[in-house]
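In: here's my sequence, what's the structure:
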Amino acid sequence: MRKTAYPFASAALVLALVARPAWSAPRHPPAGPVVAPLPPPPPVVVAPVTPPPAELVPVGDPLSLAEAVATSLRLHPSIRTARAELAARRADLGTARGPFDPLFDASLQHVHDATPLAPVSRVVPNQTATLSDTTTLAVGGSAQTTWGMSVAPSVSIQRVYQRADVAAPGFDPFQQASVGLAVVQHLLRGAGWVGAASAIDRASGVARAAEHSVNFTAQEQAFETATAYFQLVAAGEQVALLRDSETAARQLVDQTRVLVESDQRPRADLHQLEGNLANRTRGVLEAETDRSNALYVLRTAMGLGAEGNADWHPTNGMPVAGAPPGDQNDLIRLAQRRREDLIAAREITGATSADLRGAEWNTKLNLDVNGSIGYTGLLNKDGVGPFFASTGRNVPGVNAGIGVAMELPFNNTARLADRDLKRALHDEARIAAADIERRVPIDTVSALAEVKLSQAALAASNKAVENLALALGDETDRMHSGVGTVIDMVLTEDRLITARLARTANHLRYSSALSRLVFATGGMPNDAAAASLALVPLSTPEDPHAGK
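Out: Numbers count the residues shown, from 1 in each chain. Coordinates of the predicted model:
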């Protein structure tokens, strides 16, 4: 694309200018005496025009499209932020599951108590107080089930030593144990999975949505990086094209200056060409500015800072325009199946729906049935063995109980407000999901239309370049025949340069549109390892000389 006909046209122009007679010579000899013709001026030696290189010398390190996208997927802050959000949502899921984790508890304590006695309460003479030493070992646990039942087993063993504060017979330590099981079942509020564990469904759905949000954020960044990469490629092509045209214009100015100094061309030609050269130089500087901006846009899209290498040489060009990507309806169905943002929105809707069901259920009154069963053992011996053996000795019978507890709030303000909040959040999620459902087909159809239109514009640009290149050849022939002018040549050359710049711009528009279509249908990579394979529709073969 960077090869131009400008140097050769310039050489032809110079040769034509040399061959033509000076513009000041009259076409018909004036009337009067015949004057001997002046000898022809000595021939002017003009250095041959050397065509500029067709390819711009690569600047910076080679960089492929897949490498740029993979770097972005590894480093960009927006993706890392989305992953941190995913970690937070997974932590929320653990918090929702936490109340259903079984608990084990144990305690060991010793209590010494001295209680003063009135004279009428004394058991032995001279007694003024009753001393009590109690050592208690308690072991238990609790578990809350996802269907609304709480279970709490417990075992408590005590060594009790009660005595008078003076020496007296009959006060020996004894061991006492209690074993029990308490059960509470919610019948209304908090009953069943909806009442007890709907928070798990909500947190699980939000965590799954966060996973898809990470993927979508990565795909967005891959799309932005691919677009920035193609902008750098196009900017490089424009720089190469305008540099070639500037070189050709400079050579033409130098050669015309030789002709002007030898009085074979008017100085006005030189002014025209010098102005044209200045215009070409301005175009190169503007293109260099665009390339510099494109370079830093790409660095930003890749998640890099200003440190490190300041330039790259893209090894992939812009994708070649080919057949239309596919049927519109097929692409819409593909997008609806693969779009990560749509999947995430559906997960959020399901999560808020589960949360709303739980909030609605728990506006009911609190009605619980509770029961307990256990026994008590006793052993009138001291020592470690009797301490533990008391759990099964001298058990007079079984202790049991059952009851019903009800809690009926008069206004139930907090529960109703929580239900209304969850309903509003569910409505927001449902509307957001419906909006994405609405926009996905529009995005796909719009991207497909842009691909087709930009492809047609690119074909028209190619045709314009071909025709204007032929027109430049025609102007060269006109110059050889003495009919054309320098202005005609410069104007035709300018139109050809404009057409080539437009072709690059249309190729960039096609590349961006194709990238957008791949993104709109969910085809952009979300993992650095899969970047090369996923970007095949956008990649061209790498330049074999890119790394040299």
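In: mind listing the helices for the stretch 51-200 of the chain?
Out: Counting by DSSP state H, counting those that start in this stretch, the stretch 51-200 of the chain has helices at residues 65-75, 77-97, 192-261.
In: and those helices: which comes nearest residue 366?
Out: Relative to residue 366, the nearest member of those by Cβ to Cβ is helix 192-261, separated by 10.4 Å. Placement of C-beta: from N, CA and C, glycine included.
In: helices and strands of this structure: which one bottoms out on pLDDT?
Out: helix 6-19 (a mean of 37; mean pLDDT, DSSP states H and E).
In: coming back round to it: same list (the helices of the stretch 51-200 of the chain) but as TSV, adding mean pLDDT, mean neighbour count and distance to residue 377.
Out: As requested, the helices of the stretch 51-200 of the chain are arranged in TSV below (pLDDT from 0 to 100; neighbours: other Cβ atoms under 10 Å; distance: least, Cβ to Cβ, whole Å):
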stretch	mean pLDDT	mean neighbour count	distance to residue 377
helix 65-75	95	23	66
helix 77-97	96	15	37
helix 192-261	93	22	35
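In: turn those helices into JSON lines, including distance to residue 133.
Out: What follows is these, written out as JSON lines (distance: least, Cβ to Cβ, whole Å):
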{"stretch": "helix 65-75", "distance to residue 133": "67"}
{"stretch": "helix 77-97", "distance to residue 133": "43"}
{"stretch": "helix 192-261", "distance to residue 133": "44"}
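In: and the ones you listed: which comes nearest residue 357?
Out: That would be, of the helices of the stretch 51-200 of the chain and by Cβ to Cβ, helix 192-261, which comes in at 5.4 Å.
In: immediately after the closest one, which helix or strand?
Out: Past helix 192-261, further along toward the C-terminus, the next helix or strand under DSSP states H and E is helix 267-301.
In: wait, what's in contact with residue 332?
Out: Under the criterion of Cβ atoms under 8 Å, 6 or more residues apart in numbering, the contact list for residue 332 reads 440, 441, 444, 445.
In: closest to residue 347 among these?
Out: The closest of the contacts of residue 332, once distances to residue 347 are taken by Cβ to Cβ, is residue 440, at 15.6 Å.
In: surely the closest one is in a strand?
Out: No. Counting by DSSP: H, G, I helix; E, B strand; the rest coil, residue 440 falls outside a strand, being helix.
In: how about it, nearest residue that isn't a chain neighbour?
Out: Nearest non-adjacent residue to residue 440, counting by Cβ to Cβ, 6 or more residues apart in numbering: residue 335, 5.1 Å away.
In: what residue ranges in this protein score low on pLDDT?
Out: Applying pLDDT under 70 to the predicted model, the residue ranges of the chain that meet it are 1-59, 170, 309-310, 480, 486, 541-548.
In: which ones are touching residue 400?
Out: Remark: with contacts taken as Cβ under 8 Å, 6+ apart, residue 400 is in contact with 371, 372, 373, 374.
In: strands paired with the one helix or strand it maps to, and their directions?
Out: Of the helices and strands defined by DSSP H and E, residue 400 is found in strand 399-407. Next to strand 399-407 in the sheet, as set by DSSP bridges, lie strand 366-379 (antiparallel).
In: pull out the buried positions in the partner strand.
Out: Across strand 366-379, burial judged by 16 or more other Cβ atoms under 10 Å covers 366, 367, 368, 372, 374, 375, 376, 377, 379.
In: could these go into CSV alongside distance to residue 514?
Out: Output for these, formatted as CSV (distance: Cβ to Cβ, whole Å):
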residue, distance to residue 514
366, 61
367, 63
368, 63
372, 72
374, 75
375, 79
376, 81
377, 82
379, 87
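In: which one of these sits closest to residue 464?
Out: Comparing the buried residues of strand 366-379 against residue 464 with Cβ to Cβ places residue 366 closest, at 79.6 Å.
In: tell me who's in contact with the closest one.
Out: For residue 366, the contacting residues are 186, 188, 189, 190, 405, 406, 407, 408, by Cβ under 8 Å, 6+ apart.
In: if we go to 10 Å?
Out: For residue 366, the contacting residues are 186, 187, 188, 189, 190, 191, 405, 406, 407, 408, 409, 415, taking Cβ atoms under 10 Å, 6 or more residues apart in numbering as the criterion.
In: most neighbours out of the residues you listed, which is it?
Out: Neighbours were tallied for each of those (criterion: other Cβ atoms under 10 Å), and the maximum of 24 neighbours falls on residue 190.
In: isn't it up against residue 415?
Out: No. Shown here, residue 190 and residue 415 do not form a contact pair, counting by Cβ atoms under 10 Å, at 11.3 Å.
In: anything in contact with each of the two?
Out: Shared between the contact lists of residue 190 and residue 415 (criterion: Cβ under 10 Å, 6+ apart) are residues 362, 364, 366.
In: tell me how many other residues crowd residue 119.
Out: Residues within reach of residue 119, counting by other Cβ under 10 Å, total 7.
In: got it, and residue 412?
Out: A count of nearby residues for residue 412, using other Cβ under 10 Å, gives 16.
In: what's the closest non-adjacent residue to it?
Out: Among residues not flanking residue 412 along the chain, residue 363 sits closest, at 6.2 Å (Cβ to Cβ, 6+ apart).
In: just checking, that neighbour touches residue 419?
Out: Yes. Shown here, residue 363 and residue 419 form a contact pair, counting by Cβ under 10 Å, at 5.5 Å.
In: have a look at those two and say which one is more surrounded.
Out: Neighbours per residue, other Cβ under 10 Å: of residue 363 and residue 419, the larger number sits with residue 419, 19 against 16.
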